[in-house]
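In: everything below, folded, please.
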Amino acid sequence: MFRQSFSLERYPFESDIAADQPFESQAASEVQARLSHLAEMRGIGLLTGEAGSGKTFACRCFAHNLPRGLFKVIYLPLAAATPLEALNRIAAELGLAPGQSRSMVKRTISGELSRLADNRQTPVMIIDEAHLLPNPVLEDLRLLTNFKIDSEQRFCLLLTGLTGLRRRLAMGVNESLAQRLVMRHQMDGLPAEEIGPYIEHRLRIAGAPDIPIFEKTALTAIAQTAHGLPRRINQIAHNALAAAAAGKDREVTDHHVAQALDELNLKA
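Out: So this is what the prediction gives:
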């Protein structure tokens with residue numbers, strides 16, 4: 001609706017931003033460094049954060065930056081799957097036939113992971129929404145990492161989910177998994193001083209002309225409400241742009257942000 005009004009080639013705040021066009025924030029650089037270390041260690045990692053903090057995009061960037069010939073990425077949002085369903089979904093991603101029992105499927109998956117490792121291609125398994133998984137599934141995932149009685153680690157497992165996943169893994173029932181973690185990282189929101197540059201970055205890759213579109217008062221209003229969460233920033237900025245275009249205004253002001261907050265039912 002507002003692309004023509006602001007001379008944009010695409011909508012700037014959609015979720016389908018390419019993994020090779022990230023906003024280079026300090027937090028983004030830190031999480032990518034930690035994930036790169038995890039891939040080198042071939043261990044189990046934990047990435048948590050509030051809803052909308054950018055976990056999935058961080059995983060996309062991580063996967064994008066891995067050399068294709070050396071790593072095979074398996075990305076799965078397993079959600080609340082049963083143990084057998086979860087294992088069969090992992091098997092399907094690896095191109096394997098489903099099995100009728102957990103033990104059978106685990107052996108099949110382990111064999112394929114070993115085959116990939118023997119061919120010098122490290123499997124990287126990213127399990128999204130892991131906070132929804134029942135404890136038996138978490139235990140099965142841990143058992144998949146056992147090779148030769150723990151003498152070597154042959155693939156990388158990354159669990160991502162909401163902050164509550166950290167508390168889940170602190171429970172006694174998941175102690176064995178928690179002890180195997182070689183990386184734990186909590187994603188926080190963008191600091192207030194990075195929100196303006198973040199919005200400018202998103203506008204720039206959408207083809208915006210090199211002129212200010214958001215007034216400083218608008219950026220301040222967004223920072224006060226979004227709590228640094230990229231998804232929330234995107235929602236507010238998108239609706240504020242739409243409000244400005246509807247009013248035939250050339251700049252987004254705090255008034256347009258207030259309209260956006262009202263539409264999104266958010267408190268200023």
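
In: all strands for the stretch 51-200 of the chain, in order.
Out: Using DSSP state E, counting those that start in this stretch, the strands of the stretch 51-200 of the chain run over 71-77, 122-128, 156-161, 181-187.

In: other SSEs contacting the last one?
Out: With contacts taken as 3 or more C-beta pairs under 8 Å, 6 or more residues apart in numbering; DSSP states H and E, strand 181-187 sits against helix 26-41, strand 44-49, helix 164-169. Every C-beta, even on glycine, is put in place using the N, C-alpha and C of the backbone.

In: any buried residues in the longest one, and which?
Out: To tie it back to what came earlier, the one meant is helix 26-41. Buried residues in helix 26-41, counting neighbours by 16 or more other C-beta atoms under 10 Å, are found at 27, 28, 31, 32, 34, 35, 38, 39.

In: ok, now which ones touch the closest residue to the first one other than its chain neighbours?
Out: By the measure of C-beta to C-beta, 6 or more residues apart in numbering, the closest residue to residue 27 outside its immediate chain neighbours is residue 188, 6.3 Å from it. The neighbourhood of residue 188, defined by C-beta atoms under 8 Å, 6 or more residues apart in numbering, consists of 27, 49, 53, 228.

In: among those, who's most crowded?
Out: residue 53 (25 neighbours; other C-beta atoms under 10 Å).

In: shouldn't it be in contact with residue 229?
Out: Yes. Residue 53 sits in contact with residue 229 when judged by C-beta atoms under 8 Å, with a separation of 5.7 Å.

In: any residues in contact with both of those two?
Out: residue 189.

In: can you map out the helices along this structure?
Out: 26-41, 55-65, 83-93, 102-118, 135-144, 164-169, 175-180, 192-205, 216-226, 230-246, 254-263 (DSSP state H).

In: buried residues in the second one?
Out: It refers to helix 55-65. 55, 56, 57, 58, 59, 60, 61, 62, 63.

In: tell me what angle it forms with helix 26-41.
Out: 50 degrees (axes from the mean of the first three to the mean of the last three C-alpha atoms, to 10 degrees).
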